[in-house]
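Asker: The sequence and its predicted three-dimensional model are supplied below.
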Amino acid sequence: METQQAKIDQNPPQKNQRSSVLTQVGLRIVAFLATLAATILMATNKQTIHLFGFRLDAKFSYDPTFKFFVGGNAIACFYTLLSLPFVFTLNSQGSNPGSYFFVFLLDLIMLGLVIASAAAATSVSYVGKYGNSHIGWTAICDKFGKFCNKGEGALVCSYAGFILFFILTVLSAKKLRQIPVSSY
């Protein structure tokens, strides 16, 4: 009886495997769209105003933190697109289940990259929105409202991407637990 249960645990039914693949693919597509939206929103974020006869520009490229944000989300977006064929390959019959470790590891790296870039951009955006009276920095969002609103939209998309990468990491880790450990 135990050997029969072990066989069932090692070889899950085809329906469960198919739903696992569809879940992975669906989450990866949504993560791709979220990080793509964050990248595009921030990369195209600029506003020009005229204040006291002077022209003032706000662009994402003026701040290295926003450049990091765009780069981090673009890398995660590109990775997600590249990982789609691997998910299909890993779930096919005869594939090495140990390869899930690399998917897990790369998902974990993308998770860290997305949250690091989003957190950095959030801190700069917070100072832009509220200023810092201790240092004497004033808020700019009252003057550059369009710039700040578009940046907030990019941050929301990036945090959505983070949540999706977190779920993908958990699913990859769960898949790793299903791999039988061989003893030497």
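Answerer: That came through, no problem.
Asker: Name whatever forms a beta bridge with Asn132.
Answerer: Asn132 forms beta bridges with Trp137, as assigned by DSSP bridges.
Asker: how many neighbours does it have?
Answerer: 11 (other Cβ atoms under 10 Å). Every C-beta, even on glycine, is put in place using the N, C-alpha and C of the backbone.
Asker: Leu155 now?
Answerer: The burial count for Leu155: 20, using other Cβ under 10 Å.
Asker: How about Thr169?
Answerer: 20.
Asker: Please work out the average pLDDT along whichever helix or strand it is part of.
Answerer: Using DSSP states H and E, Thr169 maps to helix 145-177. Mean per-residue pLDDT for helix 145-177: 90.
Asker: For Ile29, see how far away the nearest residue to Lys67 once chain neighbours are set aside is.
Answerer: In space, and not counting its chain neighbours, Lys67 is closest to Ser61: 6.3 Å by Cβ to Cβ, 6 or more residues apart in numbering. Using Cβ to Cβ, to the nearest Å, we find Ser61 at a distance of 29 Å from Ile29.
Asker: Over to Leu51?
Answerer: For Leu51, the distance to Ile29 - Cβ to Cβ - is 43 Å.
Asker: Which of those two has more residues huddled nearby?
Answerer: Neighbours of Leu51 and Ile29, each counted by other Cβ under 10 Å, are more numerous for Ile29; the result is 14 against 8.
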